[in-house]
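>>> Could you work out the structure for the sequence below:
(one chain, ligands or ions: 4)
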Amino acid sequence: MLVDGFGRELTEIRVSLTDRCNFDCVYCHNEGLGDTRGPMAPRDEEMTTDEVVRVLSVAADLDVQAVKLTGGEPMLREDLEEIVRRAPEGMEVSLTTNGSFLPDRAEGLVEAGLERVNVSQDAVDPEAFAEITQSGAYDRVIEGVDAALEAGLDPVKLNMVVFEGTAEYIPEMVDRVAEREGLRLQLIEYMPEIAGHPEWAIDIERVHEWLAERADRVETRDMHDRKRYFVAGDEGEGMVEVVDPVENEMFCDNCHRVRVTHDGSLKGCLNRPRVHPMGELTEAEIRAAFHEVVADRVPYYGEFMIEEDGEWVRNDEYVGEQLVVEGPSLTADDD
Ligand SMILES: Nc1nc2c(ncn2[C@@H]2O[C@H](COP(=O)(O)OP(=O)(O)OP(=O)(O)O)[C@@H](O)[C@H]2O)c(=O)[nH]1
Ligand SMILES: C[S@@+](CC[C@H](N)C(=O)[O-])C[C@H]1O[C@@H](n2cnc3c(N)ncnc32)[C@H](O)[C@@H]1O
Ligand code: SF4
Ligand code: SF4
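Ligands and ions are numbered 1, 2, ... in the order given. Just a heads-up that it's a prediction; the model follows:
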């Protein structure tokens, strides 16, 4: 297993299959990859099916236990089912999607071996949803969530970005997961680092306090030190997890993920712009790039950014750093 200089083991990868999307959410950070707007046709720079499968296979050799397929909108890839089917034995395969294509494909994805899905749903009100996502697909998303549950995906997590445009819908979303078995809610703190508009953020501590009152019990997940609140519903209980990475050193101290960009580079941190190309995506080059990116990984808050006089500023050590790291050297230790 690869471990970085801060003792953080690499256990998960997030593969962006495309940077295209059929939605245009006002807050989108697109996993740090730039704009999602533009033509919907597949782009030449996207990794092929074989290339994605090769990256997963090398990751599995390096003891990476789980992969999250994301984007852009990963369901724009027609080969998604094939990628899931060909993922290495024993690696947990999950998907984060806007849900609009799930009604027709949830069953096929489960047959291919998909184990979990996270579906973005920011509001319970179709008008607010249309305003946020700049698309009218609310009904498709709700149908998509139902299709995922019916296909046997468990849990289905609803991803809700918490910012001033959505905060009022939190109580109804919490009720939704408390009342429907199989559903969970992730309240994702709005991240302005890439998306801009810091004025949209709301104080996530107030959300924690509200949940602590509403919940029967609270647990802390190892990954990112995230809090999970268990809330009672009519038929059992629902779980609400808070994803609060902004200016949170504990979150970054417990980060065990690297990212693969749609065009075949590795990225050690969502917020840090630096990428490590994986060359022509031969197994040796992919393996060398994994070694390099893990050696180069640092916690974003607490190391790349440090707090001075109550302000977060970039650590002098990383000012002016090279954004693209030269291709993998192929000399990395092959252990
Ligand atoms: N800063 C930061 N944000 C993250 C990280 N992981 C997830 N997030 C935020 O959470 C969003 C949703 O991620 P998902 O992959 O759907 O959910 P997850 O909770 O990370 O994954 P699972 O619980 O494993 O399904 C991301 O798009 C980010 O906004 C991370 O490592 N760093
Ligand atoms: C970039 S999207 C890609 C997958 C898919 N298109 C979707 O929307 O689920 C992944 C997740 O990032 C979240 N997200 C996007 N921009 C964000 C931001 N600025 N702050 C916090 N979360 C954000 C979305 O809500 C979504 O749950
Ligand atoms: S659906 Fe996902 S990728 Fe598309 S714009 Fe919204 S958050 Fe971004
Ligand atoms: S180091 Fe922090 S900001 Fe970077 S990916 Fe990990 S949790 Fe996110």
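>>> Next, see if the helix or strand of the chain with the lowest mean pLDDT gets close to ligand 2.
Every helix and strand of the chain was ranked by mean pLDDT, DSSP states H and E. The lowest is helix 192-195, at a mean of 87. Yes - using C-beta under 6 Å from any ligand atom, helix 192-195 reaches ligand 2 at Ala195. The C-beta positions use only the backbone N, C-alpha and C, and glycine is treated the same way.
>>> Run the chain-centre distance for that helix.
Centre-to-centre, helix 192-195 and its host chain are 15 Å apart (C-alpha atoms, centre = their mean, to the nearest Å).
>>> Return the set of buried residues in that helix.
Counting neighbours by 16 or more other C-beta atoms under 10 Å, one finds that the buried residues in helix 192-195 are 192-195.
>>> cool, and stretch 198-218?
By 16+ other C-beta under 10 Å, the buried positions in stretch 198-218 come out as 200, 204, 207, 211, 214-215.
>>> where exactly do the helices run in the stretch 51-200 of the chain?
For the stretch 51-200 of the chain, applying DSSP state H, counting those that start in this stretch gives helices covering 80-86, 102-112, 126-133, 138-150, 170-179, 192-195.
>>> Dump the ones you listed to JSON lines, plus distance to Thr48.
Shown next, in JSON lines, are the helices of the stretch 51-200 of the chain (distance: least, C-beta to C-beta, whole Å):
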{"stretch": "helix 80-86", "distance to Thr48": "10"}
{"stretch": "helix 102-112", "distance to Thr48": "18"}
{"stretch": "helix 126-133", "distance to Thr48": "29"}
{"stretch": "helix 138-150", "distance to Thr48": "27"}
{"stretch": "helix 170-179", "distance to Thr48": "37"}
{"stretch": "helix 192-195", "distance to Thr48": "27"}
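>>> Which one of those helices lies nearest to Cys21?
Closest approach to Cys21 among these (C-beta to C-beta): helix 126-133, 9.7 Å.
>>> which residues touch stretch 184-193?
If you take C-beta atoms under 8 Å, 6 or more residues apart in numbering as the criterion, stretch 184-193 is touched by 27, 29, 118, 155-163, 170, 173-174, 176-177, 198, 200-202, 204, 207, 238-246, 271.
>>> Enumerate every residue touching Glu232.
That one is not Glu; residue 232 is Ala. Ala232 makes contacts with 178, 216, as judged by C-beta under 8 Å, 6+ apart.
>>> So Glu308 versus Arg314, what's the distance?
Glu308 sits 10 Å away from Arg314, going by C-beta to C-beta, to the nearest Å.
>>> In terms of neighbours, single out the busier of the two.
For Glu308 and Arg314, the more surrounded residue by other C-beta atoms under 10 Å is Arg314, and the numbers stand at 12 against 9.
>>> And the closest residue to that one other than its chain neighbours, how close does it get to Glu247?
Among residues not flanking Arg314 along the chain, Met305 sits closest, at 6.0 Å (C-beta to C-beta, 6 or more residues apart in numbering). In this view, Met305 and Glu247 are 8 Å apart by C-beta to C-beta.
>>> When the two are compared, which one has more neighbours?
Met305 (22 against 16).
>>> residues contacting the more buried one?
Counting by C-beta under 8 Å, 6+ apart, Met305 makes contact with 312-315.
>>> so it bridges to which residues?
Tyr301, Arg314 (DSSP bridges).
>>> Where does the prediction get shaky in the stretch 1-150 of the chain?
The model of the stretch 1-150 of the chain has pLDDT under 70 over residues 31-40.
>>> burial measure for the residue nearest to Glu283 when sequence neighbours are not counted, as a count.
Once flanking residues are discounted, Glu283 sits nearest to Val58: 5.7 Å by C-beta to C-beta, 6+ apart. Residue neighbour count, defined by other C-beta under 10 Å, stands at 21 for Val58.
>>> before we move on, what about Pro245?
The burial count for Pro245: 20, using other C-beta under 10 Å.
>>> tell me the contacts of it?
Contacts for Pro245 were tallied using C-beta under 8 Å, 6+ apart; they are 189, 191, 224, 251-252, 270, 301.
>>> Between the residues you listed, which sits nearest ligand 1?
Closest approach to ligand 1 among those (C-beta to the nearest ligand atom): Leu270, at 4.5 Å.
>>> any idea how far ligand 2 is from that closest one?
Between Leu270 and ligand 2 the computed distance is 9 Å (C-beta to the nearest ligand atom, to the nearest Å).
>>> For that residue, give me phi and psi.
The phi and psi values for Leu270, taken as degrees, to the nearest 10, are phi -60, psi -40.
>>> these two touch, right, it and His29?
Yes - look at Leu270 against His29 with C-beta atoms under 8 Å: they come within range, at 7.5 Å.
>>> tell me, what's touching the two both at once?
Contact with both Leu270 and His29 is made by residues Ile194, according to C-beta under 8 Å, 6+ apart.
>>> follow-up on the earlier one: which ChimeraX command selects the buried ones in the contacts of stretch 184-193?
Applying 16+ other C-beta under 10 Å to those, the buried members can be selected in ChimeraX as follows:
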select :27,29,118,155,156,157,158,159,160,161,162,163,170,173,174,176,177,200,204,207,238,239,240,241,242,243,244,245,246,271
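>>> what residues are up against the residue of the stretch 51-200 of the chain found nearest ligand 3?
Taking C-beta to the nearest ligand atom, ligand 3 has its nearest neighbour within the stretch 51-200 of the chain at Asn98, 3.6 Å off. Contacts here follow C-beta under 8 Å, 6+ apart; on that basis Asn98 touches 21-23, 73, 75, 119-120, 133, 137, 141.
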